[in-house]
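**Student:** What follows is a protein structure lacking sequence information:
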């Protein structure tokens, strides 16, 4: 057995990446799927398209390097979290498109529950404040708005899952006995799991009017759950599940309390391992499950989520036409020395951590006749670094731990200008590992540990290596001036919507 396969079901595409024992990429298959926007603030995916793409990318990854099924020791799954799908267990068909994590349609329900129960009631049990972000209210929306779903759910025929559960069910047989399971990290993103008991909370399900029988069984993140029945990888053990940000934490080998990583993707997600201790947040962060390996206690994390990071660069490309491809943003930003006084707050679907303002909307502030498209490009990149600083400061406040360096991964970390500015803003070194595909790698690690492909965490720690470190160069006065401007801009974006 030479390899571990990892299915990385992300927000914009699905990939299958095959890794060797040293954690190096051997082969990749990737396919994008359609982003569906039926109304302002609504974001959906076609789960059937994603399932077909999954089979296709597995085949592609194997064909590319002529990899035999018998050479694959196990397969792990990592997924976009909080994206909810409900399907019929007899037909295998979804009742409605998957409702994506960025979707804001349940805003009114959030307001109603805030009035009736208060956000803190939910946060005390689940680690999550009431927000449009999490899966539970998306399930409620489908039950309340799609004909026939509630009746089927009460009969035990309608099944819910985040994308990990949907793929697991299909890969292990689907309508012919597919496994209806999730792992602790994904369950902790539904706002239906009690963080202390690590079980579904019957009272919360009742408040949201969600039948418990439609929820998957909660399992550890690393364990042999079953075997793949599809021809693409028939007989290979499915042995790891991790939500994408937790997978990146595992892939970055942040196994000690206080170790933190930031993933720069569509959004930005900063996680700090807090060990086996649940650290409630008082500074606007989420308390979440980091991972649980088989026969081990649950490890927890503090998380700060930024809704829009790389998505802002895509907006500059697709909506504004200022750049041809996402990578062009760095060259455009380098045509100027600084932001020219311009700030971009990308609150397209409200603000996540540490503000949690669903009424905020995106703004560009500080414009003068002097500002050109180079300054706007720079403001776009700087927005990600400022938001990361907001989150990191909240994290240090909550945990009482000072972060001395930040491990980074995700698509945006190839942007050298952004990484230097990030180090300048945080006043700590920013470290990019040799392997930046840490999300897929984390799921591979979870699966490989379960089947003994890697013996223990020490094996994984040996695989991690630095590629580049950025150190802070900016003067303290400049740092303070820029960040003060950002704080002013952020306030201007609040309460735009009623």
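**Tutor:** Everything's here; your move. None of these values were measured; they are calculated from a predicted model.
**Student:** shaky segments in the protein?
**Tutor:** Judged against pLDDT under 70, the chain has no low-scoring part.
**Student:** now the residue with the largest distance to the centre of it: how far from residue 342?
**Tutor:** Most distant from the centre of the chain: residue 369, at 38.2 Å, with distances by C-alpha atoms, centre = their mean. Noted for residue 369: a distance of 12 Å to residue 342, by C-beta to C-beta, to the nearest Å. C-beta here means a position set from N, CA and C on the backbone, and glycine is covered the same way.
**Student:** Now the terminal residues of stretch 331-339, how far apart.
**Tutor:** End-to-end distance of stretch 331-339 (C-alpha to C-alpha, to the nearest Å): 14 Å.
**Student:** buried set for it?
**Tutor:** 332, 333, 336, 339 (16 or more other C-beta atoms under 10 Å).
**Student:** OK, contacts around the third one?
**Tutor:** The contact partners of residue 336, by C-beta atoms under 8 Å, 6 or more residues apart in numbering, come to 372, 374, 375, 378.
**Student:** ok, and the closest non-adjacent residue to it?
**Tutor:** residue 374 (3.9 Å; C-beta to C-beta, 6 or more residues apart in numbering).
**Student:** Check for me that that neighbour belongs to a helix.
**Tutor:** Yes: counting by DSSP: H, G, I helix; E, B strand; the rest coil, residue 374 is part of a helix.
**Student:** isn't it right up against residue 333?
**Tutor:** Yes: counting by C-beta atoms under 8 Å, residue 374 does reach residue 333; the two are 6.4 Å apart.
**Student:** on that earlier part again, how close does the residue farthest from the centre of the chain get to residue 345?
**Tutor:** Distance from residue 369 to residue 345, by C-beta to C-beta: 21 Å.
**Student:** Same question for residue 312.
**Tutor:** Counting by C-beta to C-beta - residue 312 and residue 345 are separated by 10 Å.
**Student:** Overlap of the contact sets of the two?
**Tutor:** Common neighbours of residue 312 and residue 345, using C-beta under 8 Å, 6+ apart, are residue 383.
**Student:** Helices - which of the buried residues of stretch 331-339 land there?
**Tutor:** In this view, the buried residues of stretch 331-339 that belong to helices under DSSP state H are 332, 333.
**Student:** any chance of the buried residues of stretch 331-339 in a markdown table, plus distance to residue 197?
**Tutor:** Compiled in a markdown table, the buried residues of stretch 331-339 are given as follows (distance: C-beta to C-beta, whole Å):
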| residue | distance to residue 197 |
| --- | --- |
| 332 | 51 |
| 333 | 48 |
| 336 | 53 |
| 339 | 48 |
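**Student:** Let me know the closest of the buried residues of stretch 331-339 to residue 287.
**Tutor:** Distance to residue 287, by C-beta to C-beta, is smallest for residue 339 among the buried residues of stretch 331-339, at 34.0 Å.
**Student:** Am I right that that closest one is in contact with residue 380?
**Tutor:** No: at 9.6 Å, residue 339 does not count as touching residue 380 under the criterion of C-beta under 8 Å.
**Student:** was I right about residue 105 contacting residue 43?
**Tutor:** No: in this structure, residue 105 is not within contact of residue 43 by C-beta under 8 Å, at 9.0 Å.
**Student:** what residues are shared contacts of the two?
**Tutor:** What both residue 105 and residue 43 touch, as defined by C-beta under 8 Å, 6+ apart, is the set residue 99.
**Student:** residues touching the residue farthest from the centre of the chain, list them.
**Tutor:** Applying C-beta under 8 Å, 6+ apart, no residues contact residue 369.
**Student:** In three-state terms, how would it be classified?
**Tutor:** coil.
**Student:** For it, give its distance to residue 375.
**Tutor:** Counting by C-beta to C-beta, the gap from residue 369 to residue 375 is 11 Å.
**Student:** Next: residue 287.
**Tutor:** 38 Å.
**Student:** Give me the number of neighbouring residues for the residue nearest to residue 152 when sequence neighbours are not counted.
**Tutor:** Distances taken as C-beta to C-beta, 6+ apart place residue 158 nearest to residue 152, at 4.0 Å, with adjacent residues excluded. If you count neighbours by other C-beta atoms under 10 Å, residue 158 ends up with 26.
**Student:** Contact partners for residue 158?
**Tutor:** 86, 87, 88, 89, 95, 149, 152, 214.
**Student:** go again using 10 Å as the cut-off
**Tutor:** Counting by C-beta atoms under 10 Å, 6 or more residues apart in numbering, residue 158 makes contact with 86-90, 94-95, 139, 142-143, 146, 148-152, 211, 213-214.
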